[in-house]
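Asker: Predicted model, plus sequence, below.
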2 protein chains.
Amino acid sequence: MTNTTLKLLAQQLQISISTVSRALKDHPDISAATKAKVNALAQSMDYEPNAYAIQLRTQNSKIFGVIVPAISNLFYDSFIAAVEEESRKNGYALMILQSSNKLENELDNLKIFRQNRVSGVFACLSAQAENLETYHRMTEKEIPVVFFDIVPKDNRFTKVRMADERCATIAAECIIKRNSKKVLAIFGDPGLSISQKRKAAFQAFMENYAPKVHVTYLDAKSTDEAEEIFRKQYAKVQKFDTVFAMTDEILIGVMKAIQALEIKVPKQVGVISISNGFIPNLYHPHICYVETSGYELGKLAFIQMMANLKGGKTLTELTVEAKYVAGGSM
Amino acid sequence: MTNTTLKLLAQQLQISISTVSRALKDHPDISAATKAKVNALAQSMDYEPNAYAIQLRTQNSKIFGVIVPAISNLFYDSFIAAVEEESRKNGYALMILQSSNKLENELDNLKIFRQNRVSGVFACLSAQAENLETYHRMTEKEIPVVFFDIVPKDNRFTKVRMADERCATIAAECIIKRNSKKVLAIFGDPGLSISQKRKAAFQAFMENYAPKVHVTYLDAKSTDEAEEIFRKQYAKVQKFDTVFAMTDEILIGVMKAIQALEIKVPKQVGVISISNGFIPNLYHPHICYVETSGYELGKLAFIQMMANLKGGKTLTELTVEAKYVAGGSM
DNA sequence: AATATTTTCGCAAACGTTTGATATTGTTAA
DNA sequence: TTAACAATATCAAACGTTTGCGAAAATATT
């Protein structure tokens, strides 16, 4: 079954292709009568413009590429949902690819994006080394790139991310307010800048405003590591009274240990984390958390993308604010 | 900055466009020497074939469309992950759109897919009325459609879904093996066919193989309802010794109650659910569950798609088998 | 040495659309 | 009546590929 084309419509109506094209897009050059006829026929033959021919002609694909480490991720899929929502409103479609945190996949994905001449790319860096070279080539070819969440240090790029330092500071504040004496603070992969930033901010705040509180800083790269760390630390003589989990992954590990050891929250141990809220609300009592909303981040990223597309360069790093959500765990 | 094209390469090398094209795809007509020269130049000018020109010429977009109710969903994103993985291996990219369970969006998405001449569509019906008309038009235009999870009754389509009845049966089996005397079984929205199927299968099995076990059947449309139901039932004099949760949503509610009431699992109450495994593994001990893997379903759907694309029609309804995953909760 | 065969390459059309330039009308003003 | 002007519609080129067909050059066969 062959697709309906402008040519076909033109033949049927015995008029030229260009007239059909213009009629369909309500061009003022075309009379109302002709427009009516054309639209009617297009409707009945259910004509669908060929996006590829259009892109070839106009050099504008109206497609955004999105690279995330994993689609199956509470944070990223709310980000995607937001970007998708806005894109739809603006006539763009999304091409989503996952890097699985592998540089190889990330490069493959970028190639696909280039070959499809995407109008722009939303990228979350994979944990491995930064391959900014490729991204530079894209921006040079006037394909805007908006980095989100895990962003490069390079200041020539547009970036949006959570206010990571602020998140950590808010958490620290809560811990101090609670009058904690001994704290276990577990951070994520120390190779990631996000971990470094959060840890630095947390540490600075604690040392500034509560120098007498004893804090143990440790890193966990996985849920299992986090559980392990918690168990080991809790086995010590002088137990901590509050635990801080930098990510959902870590929180899950912590909570497994807490359940296994039958520790009472918040009586024996207070818990606070940074999260988008889904995981913390799975438990009883609800875990207190500083909210980082992928959804908000998505909206912001989209705004930046459009700004980039419209005007000139907007080489700034924007952050979305964090807020504390109280649960029963502190 | 203008993109590198075949024409540009041809001009540089003073040979024809077709020779360049053929050299790049290792056509036997072209000499090794020429191929080497072409490849070298293409490399250094980082030539990227224009996917749109190719599609226009070849009438093959190498893109699959995917419609899901929501991307932010544990089940669907594992489905997407699987399809994406396979697609990548086979040189296809994915265009993912969400319907948010709205017919309007679903139709919009299909239009985008048609305009982009996708090679095929993976579709999960939105909860609202079935608009099979549109899907028919696609298959008529030789765009294969593979329905997944929530599938139409119409037998002219290719469908893959979970073995819903079997899941419930396996769970029932476990409950009987455990020697339960009194069971609380909580099912999802009774309006959904999936709930009906699972409940019918579960009930039939229990009545057949363990008629003396007392089962209380209740429905919960949300996490909160599930928690409420659990609390109410647990307050009764003769307590149940096992609880069955049909979905993750329900399991979360149940577990909240269990944690709040400080009930020991599995000593005081055994827990079993149907899930993809993420939620059950959040707790200690891990909750036993019958696995419904979006991942497996994705793999199966992809196979069906390729079969559809290659050979003729494969108008069958395939299901992916469920398997029991033991935790410490039974 | 002349013909036949293979190897290597170029020509040109086609895919479906958009758009600047141009042609054909009908209408108005002089 | 004719020049001037809208209004309407058409021509043709271009976007970047692929590919059947034919041409030239190189090699092999008599």
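Answerer: That came through fine. Residues are numbered from 1 along each chain as shown, chains lettered A, B, ... in the order given.
Asker: what about the residue nearest to A:F79 when sequence neighbours are not counted, distance to B:H286?
Answerer: Of all residues not flanking A:F79 in the chain, A:G294 sits nearest, at 3.8 Å (CB to CB, 6 or more residues apart in numbering or on different chains). To be clear about C-beta, it is placed using only N, CA and C from the backbone, and glycine gets the same treatment. According to CB to CB, to the nearest Å, A:G294 stands 27 Å off from B:H286.
Asker: quick one, what contacts the residue in chain A that DNA strand C sits nearest to?
Answerer: Going by CB to the nearest atom of the strand, DNA strand C is nearest to A:S18 of chain A, at 3.0 Å. By CB atoms under 8 Å, 6 or more residues apart in numbering or on different chains, A:S18 lies in contact with nothing.
Asker: for A:D46, helix, strand, or coil?
Answerer: Assigned by DSSP: H, G, I helix; E, B strand; the rest coil, the conformation of A:D46 is coil.
Asker: my read: it touches A:T4, true?
Answerer: Yes. Judged on CB atoms under 8 Å, A:D46 makes contact with A:T4 at a distance of 6.6 Å.
Asker: quick revisit: can you give me the pLDDT of the residue nearest to A:F79?
Answerer: Among the per-residue scores, A:G294 holds a pLDDT of 88.
Asker: mind checking how far it is from A:N281?
Answerer: Distance, A:G294 to A:N281, using CB to CB: 16 Å.
Asker: got it, and A:A70?
Answerer: Separation of A:A70 from A:N281 (CB to CB): 21 Å.
Asker: follow-up on the earlier one: so for A:G294 and B:H286, which residue has more residues nearby?
Answerer: Neighbours per residue, other CB atoms under 10 Å in any protein chain shown: of A:G294 and B:H286, the larger number sits with A:G294, 26 against 16.
Asker: give me the element the residue lying closest to A:F157 once chain neighbours are set aside is part of.
Answerer: Spatial nearest neighbour of A:F157, excluding adjacent residues (CB to CB, 6+ apart): A:F147 at 5.6 Å. Using DSSP states H and E, the element containing A:F147 is strand A:145-148.
Asker: Can you get me a residue count around the spatially closest residue to A:M162 that is not a sequence neighbour?
Answerer: Distance criterion CB to CB, 6+ apart; nearest residue to A:M162, sequence neighbours excluded, is A:T292 at 4.5 Å. A count of nearby residues for A:T292, using other CB under 10 Å, gives 25.
Asker: Dihedrals phi and psi, A:T292?
Answerer: Per-residue torsions, A:T292: phi -120, psi 110 (degrees, to the nearest 10).
Asker: That one contacts A:F278, correct?
Answerer: No. A:T292 sits out of contact with A:F278 when judged by CB under 8 Å, with a separation of 11.6 Å.
Asker: And the residue nearest to A:M162, how close does it get to A:R156?
Answerer: A:T292 sits 25 Å away from A:R156, going by CB to CB.
Asker: before we move on, back to that, which residues does the residue nearest to A:M162 contact?
Answerer: Applying CB under 8 Å, 6+ apart to A:T292 gives the contacts A:75, A:162, A:167, A:274-276, A:320, A:322.
Asker: Around DNA strand D, which positions in the stretch 51-200 of chain A sit nearby?
Answerer: Residues of the stretch 51-200 of chain A lying close to DNA strand D (CB under 7 Å from any atom of the strand) are A:53, A:56-57, A:59.
Asker: same thing but 10 Å
Answerer: With CB under 10 Å from any atom of the strand as the criterion, the stretch 51-200 of chain A meets DNA strand D at residues A:52-59, A:115, A:117.
Asker: Low-confidence bits of chain A, can you list those?
Answerer: Low-confidence segments of chain A, defined by pLDDT under 70: A:1-2, A:127-130, A:311-314.
Asker: which residues of it fall in strands?
Answerer: Ranges of strands within chain A are A:63-68, A:93-98, A:120-123, A:145-148, A:158-162, A:182-187, A:214-219, A:242-245, A:270-275, A:288-291, A:317-320, A:323-325, based on DSSP state E.
Asker: Summarise which helices and strands the last one is packed against.
Answerer: Looking back up the chat, that one is strand A:323-325. For strand A:323-325, the packing partners by 3 or more CB pairs under 8 Å, 6 or more residues apart in numbering or on different chains; DSSP states H and E come out as helix A:164-177, strand A:288-291.
Asker: Now tell me what touches that strand from outside.
Answerer: Strand A:323-325 is contacted from outside by A:170, A:174, A:277, A:280, A:288-291, using CB under 8 Å, 6+ apart.
Asker: now do the fourth one
Answerer: Contacts of strand A:145-148 from elsewhere in the structure, counted by CB under 8 Å, 6+ apart, are A:79, A:120-125, A:135, A:138-139, A:157-161, A:297-298, A:301, A:304-305, A:308.
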